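*Asks:* how would this look folded up:
(chains A and B)
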Number of protein chains: 2
Amino acid sequence: MALIVHKYGGTSMGSPERIRNVARRIAKWYAAGHQIVVVPSAISGETNRLIALAKEVSPDPDPRELDVIASTGEQVSVGLLAMALKDLGIKARSYAGWQVPIITDSAFTKARIESIGRDRIMSDLAAANVVIVTGFQGMDGDGNITTLGRGGSDTSAVAVAAALEAQECLIYTDVDGVYTTDPRIVPEARRLKVVSFEEMLELASLGSKVLQIRSVEFAGKYRVPVRVLSSLTDPLMSLSVESKSGTLITFEEDEHMEQAVITGIAFNRDEAKITLLGVPDRPGVAYKIVGPVAAANIDIDMIIQNQSVNGTTDFSFTVHRNDLAKALDVLKKQVKESVGAREIIGDANVAKVSAVGIGMRSHVGIAAQMFETLSRDGINIQMISTSEIKISVIIEDKYMELAVRALHKAFELEAQVGGAGLTLGA
Amino acid sequence: MALIVHKYGGTSMGSPERIRNVARRIAKWYAAGHQIVVVPSAISGETNRLIALAKEVSPDPDPRELDVIASTGEQVSVGLLAMALKDLGIKARSYAGWQVPIITDSAFTKARIESIGRDRIMSDLAAANVVIVTGFQGMDGDGNITTLGRGGSDTSAVAVAAALEAQECLIYTDVDGVYTTDPRIVPEARRLKVVSFEEMLELASLGSKVLQIRSVEFAGKYRVPVRVLSSLTDPLMSLSVESKSGTLITFEEDEHMEQAVITGIAFNRDEAKITLLGVPDRPGVAYKIVGPVAAANIDIDMIIQNQSVNGTTDFSFTVHRNDLAKALDVLKKQVKESVGAREIIGDANVAKVSAVGIGMRSHVGIAAQMFETLSRDGINIQMISTSEIKISVIIEDKYMELAVRALHKAFELEAQVGGAGLTLGA
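*Replies:* This next block holds a predicted model:
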């Protein structure tokens, strides 16, 4: 008998029939003797509907009140799922974030979980209940309703699993695992049976949409084994098959069977590049540039500063594409004059492509192979950034898909099926 | 400066524009220096939508989980209204029932309010906030979400007003007050400027849909002055006019200016009549009949037992029409044999018509005048029930509108405009 947390996405909760299927799947796990805590998302489209309604009333909705409204979608879901379970003869109890309680900070619309109460859930589990907890929401120290931001239900599920010391957190979604890259771009993309926590963190941060990055951070911090798997398979499929399906995110290097140098190719079309030309190369200049942008609540991703020539340098960084106009405004009003930059250029037509792999640590030449592959297809690299286990490049966005396909093939990611060394494709 | 509770119905919250109008109305009261607590209903149709969704998932939804779902409609409303107020530059904070807290018993879907916390609201008011509290919902002693049942937001508003010792509770709705009867049946029906609490209680219990009866009971218990008025008038109309509009429910006999004998004619088409024929007239027989029906959670309204003839009697009572089949089933299975009734008859084609008036106490002959009026139109009376301030009759339902019109005219209810004794109509 194990304590398992199940998380179901909005598509899995998308209709009464699908909700009943989720209940059947849970019933199967419950019948096998497991203790189950479920974190369902809002019905697909519901959070968008609520936010649109709020914006109809107030174009720039107050964040505290937006959370009051947006959190109701998950509350409806937990009630519906509890009903469906009871109809299958299973004891079930639903809880909103404040009832657990899931305590967060007070950053409305993007709160962070600080603690989760165990007692209520554990005593319900001990009484043979399935416990259903709202995702996405919590309560701050003053008793205000908060939400965790988009995709927050993944984080809720992993945090609940950490608090309860669950054996595994199963993230049921509409894809059947984590792939070497997006199969819509590379049909030969292959599902990974196992991916390391560090790789998953890079893949999520680089735009792979399977898991919210904060949920991966949580999994890493508390070492929660997370498995991503499909909610669209037969809910009554054999438990032994289902419990080994999907992709396991692991912390054990030796569990990491597929010792490829590169695990996957990630990409992100949501960034924009900003360059300040002719910045005098003085101490403190980077802070003078980045400080006001961060103060305006704009996240910065890559930052590049080149060697100075004749006492001036060019300073580039990337922001979310939606923040480009705001960032340029801040720079022109608060930064340009104070740092003495010659010119400020914004460019939204960029994409980031990254090669990720824990095996990269012990292999030289990966960067060279990546740059060579891109140059062979005539793709110019605008910015480069590296970490221990990833290399990212910024390129013109129209070359993004070409770059992903070329790198996927160059690193033979389609070839590692069952470790048999088969090479698919040309 | 006064502390005033405003309650807005679902129609008043029915669109973003209407929500902004509610905010403008509140802003006007706030600008006049009043402390305002607002209890808005769910957007019209929303509670029905949520319950229908629950029934799609589970035909007979678990009551605890149904409350988890149904309570979200009011939560969305308070958030939207707070946003609209903030857009007018007014400080506002919304609270769900559990945050206030509004503590209820654990009777899911029909909980009763037990206590209301004052501290959070009073300190927000002291800091010049408009406070917006969800109607319809609360939390039981174990921290479960509860709802008060249909129309429960009226009760929430009056209960909040009682807890805060508000000067007045204004119930804004889509009618402009309490009428002598339903103007859709009697076009000459007249709005009452003042109605006594006892009369309002009878009018509500007899089917007048302006206020939920439990809210009137609450108003009586805590002597909360309640005013029913229209939310559809210009939100910027003069405050001195608006604050005297509608119908005031009062506890002061001398405020009750319009000393008519009869205040209004109420009616109710939702009842069904059950008669047990040939019941042996023994002590305890009434309990043997009514006990099992009440145990099946069926509310009983009028009960009539006639003088016995030859040791047997006929026993009649009315139930809600929706409960008729269930009540007949209980009686046939659990009662018929044990009390030795000859026959059990159910009749859904009945209506109740009632004359209500506090002046009735000191006038004889009202009953006679009522029965004479009905007989003149050939309407047969099936059951009669009286209290200090009302006389109710059960008649065949097809005569209901005729009876209401005849009684409204017989008691000259259209004639009392301004006490001038004008008789409208023929």
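*Asks:* Near chain B, which residues of the stretch 101-250 of chain A? Just list them.
*Replies:* Taking CB under 8 Å from any CB of the partner chain as the measure of proximity, the stretch 101-250 of chain A contacts chain B at A:Gly143, A:Asn144, A:Ile145. Quick note: C-beta positions are derived from backbone N, CA and C, even for glycine.
*Asks:* how about these in TSV, adding secondary structure and pLDDT?
*Replies:* Below are these laid out as TSV (DSSP: H, G, I helix; E, B strand; the rest coil; pLDDT from 0 to 100):
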residue	secondary structure	pLDDT
A:Gly143	coil	97
A:Asn144	coil	98
A:Ile145	strand	98
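*Asks:* between those, which has the most around it?
*Replies:* Each of these was scored for neighbours by other CB atoms under 10 Å in any protein chain shown, and A:Ile145 scores highest at 30 neighbours.
*Asks:* so what's that one up against?
*Replies:* Residues in contact with A:Ile145 (CB atoms under 8 Å, 6 or more residues apart in numbering or on different chains) are A:Asp67, A:Val68, A:Ser71, A:Gly97, A:Trp98, A:Gln137, A:Gly138, A:Met139, B:Ala96, B:Gln99.
*Asks:* out of those, which are inside helices?
*Replies:* A:Asp67, A:Val68 (DSSP state H).
*Asks:* Now the buried members of the contacts of A:Ile145.
*Replies:* Buried subset of the contacts of A:Ile145 (neighbour count, 16 or more other CB atoms under 10 Å in any protein chain shown): A:Asp67, A:Val68, A:Ser71, A:Gly97, A:Trp98, A:Gln137, A:Gly138, A:Met139, B:Ala96, B:Gln99.
*Asks:* My read is that the second one contacts B:Gln99, right?
*Replies:* It refers to A:Val68. No: if you go by CB atoms under 8 Å, A:Val68 and B:Gln99 don't touch, sitting 9.6 Å apart.
*Asks:* A:Ser308 contacts A:Gly278, doesn't it?
*Replies:* No: using CB under 8 Å, A:Ser308 is not in contact with A:Gly278, being 10.3 Å away.
*Asks:* Neighbour count for the two, which is higher?
*Replies:* Using other CB under 10 Å, the more surrounded residue of A:Ser308 and A:Gly278 is A:Gly278, with 16 against 13.
*Asks:* Doesn't the more buried one lie inside a helix?
*Replies:* No: with DSSP: H, G, I helix; E, B strand; the rest coil as the criterion, A:Gly278 is strand rather than part of a helix.
*Asks:* residues contacting A:Thr146?
*Replies:* A:67, A:71, A:97, A:104-108, A:111, A:137-140.
*Asks:* for A:Leu66, same thing?
*Replies:* So A:Leu66 contacts A:Ile51, A:Ala54, A:Phe108, A:Thr109, A:Thr147, B:Gly79, B:Met83 (CB under 8 Å, 6+ apart).
*Asks:* Out of the residues you listed, flag the one nearest to A:Leu324.
*Replies:* A:Leu324 has its nearest neighbour among the contacts of A:Leu66 in A:Thr109, at 20.8 Å by CB to CB.
*Asks:* pLDDT weak spots in the stretch 51-200 of chain A?
*Replies:* For the stretch 51-200 of chain A, no stretch has pLDDT under 70.
*Asks:* all strands of it, in order?
*Replies:* A:92-95, A:102-104, A:113-116, A:130-133, A:137-139, A:145-147, A:168-173, A:194-196 (DSSP state E, counting those that start in this stretch).
*Asks:* Dump the ones you listed to TSV, plus distance to B:Gly220.
*Replies:* Supplementary listing: the strands of the stretch 51-200 of chain A in TSV, determined by distance: least, CB to CB, whole Å:
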stretch	distance to B:Gly220
strand A:92-95	36
strand A:102-104	41
strand A:113-116	45
strand A:130-133	41
strand A:137-139	36
strand A:145-147	34
strand A:168-173	53
strand A:194-196	66
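*Asks:* What is the neighbour count of A:Pro280?
*Replies:* A:Pro280, neighbours per other CB under 10 Å, totals 13.
*Asks:* let me redo that: A:Gly135
*Replies:* For A:Gly135, the neighbour count with other CB under 10 Å is 32.
*Asks:* what do you get for A:Val228?
*Replies:* 26.
*Asks:* Is stretch A:52-63 positioned near chain B?
*Replies:* Yes: with CB under 8 Å from any CB as the criterion, chain B is reached by stretch A:52-63 at A:Leu53, A:Ala54, A:Glu56, A:Val57, A:Ser58, A:Pro61, A:Asp62.
*Asks:* Could you export the residues you listed to JSON lines, including columns for neighbour count and distance to B:Phe411?
*Replies:* Formatted as JSON lines, these follow (neighbours: other CB atoms under 10 Å in any protein chain shown; distance: CB to CB, whole Å):
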{"residue": "A:Leu53", "neighbour count": "18", "distance to B:Phe411": "47"}
{"residue": "A:Ala54", "neighbour count": "23", "distance to B:Phe411": "50"}
{"residue": "A:Glu56", "neighbour count": "15", "distance to B:Phe411": "48"}
{"residue": "A:Val57", "neighbour count": "23", "distance to B:Phe411": "46"}
{"residue": "A:Ser58", "neighbour count": "22", "distance to B:Phe411": "50"}
{"residue": "A:Pro61", "neighbour count": "25", "distance to B:Phe411": "53"}
{"residue": "A:Asp62", "neighbour count": "21", "distance to B:Phe411": "52"}
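*Asks:* So which of the residues you listed is the closest to B:His6?
*Replies:* A:Val57 (17.5 Å).
*Asks:* and the closest one, what is it in contact with?
*Replies:* B:Pro16, B:Ile19, B:Arg20, B:Leu80, B:Met83, B:Ala84.
*Asks:* Next, the contact list for the second one, please.
*Replies:* What that stands for is B:Ile19. A:Val57, B:Met13, B:Leu80, B:Leu81, B:Ala84.
*Asks:* And the first one, by the same measure?
*Replies:* Listed by CB under 8 Å, 6+ apart, the contact partners of B:Pro16 are A:Leu53, A:Glu56, A:Val57, B:Leu80.
*Asks:* Widest-spaced pair of those residues?
*Replies:* Maximum pairwise distance in these, criterion CB to CB, is 8.8 Å, between A:Glu56 and B:Leu80.
*Asks:* ok, which stretches of chain A are helices?
*Replies:* With helices called from DSSP H, chain A shows them at A:16-31, A:46-57, A:63-70, A:72-87, A:119-126, A:152-163, A:197-205, A:213-222, A:239-242, A:285-295, A:324-330, A:336-339, A:366-376, A:400-410.
*Asks:* quick one: the fifth one to helix A:152-163, angle?
*Replies:* Yep, that's helix A:119-126 we're talking about. 80 degrees (axes from the mean of the first three to the mean of the last three CA atoms, to 10 degrees).
*Asks:* Tell me how many other residues surround A:Ser41.
*Replies:* A:Ser41 has 28 neighbours, counted by other CB under 10 Å.
*Asks:* One more: A:Thr72?
*Replies:* A:Thr72 sits with 27 neighbouring residues when counted by other CB under 10 Å.
*Asks:* What separation is there between it and A:Leu66?
*Replies:* Distance of A:Thr72 to A:Leu66, given as CB to CB, to the nearest Å: 11 Å.
*Asks:* And A:Gly89, by the same measure?
*Replies:* Noted for A:Gly89: a distance of 39 Å to A:Leu66, by CB to CB.
*Asks:* What of A:Phe218?
*Replies:* Relative to A:Leu66, and taking CB to CB, A:Phe218 is found at 23 Å.
*Asks:* As CSV, the contacts of B:Ile19 with distance to B:Trp29 would be great.
*Replies:* Converted to CSV, those look like this (distance: CB to CB, whole Å):
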residue, distance to B:Trp29
A:Val57, 20
B:Met13, 17
B:Leu80, 19
B:Leu81, 14
B:Ala84, 15
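*Asks:* of those, closest to B:Ile300?
*Replies:* Distances from B:Ile300 to the contacts of B:Ile19, taken by CB to CB, are shortest for B:Met13, at 34.9 Å.
*Asks:* related to what we said a few turns ago, figure out which of the helices of chain A is closest to B:Ala126.
*Replies:* helix A:63-70 (19.0 Å).
*Asks:* The closest one versus helix A:152-163: what angle between them?
*Replies:* Counting by the same axes, to 10 degrees, helix A:63-70 points 90 degrees away from the direction of helix A:152-163.
*Asks:* No more questions from me, cheers.
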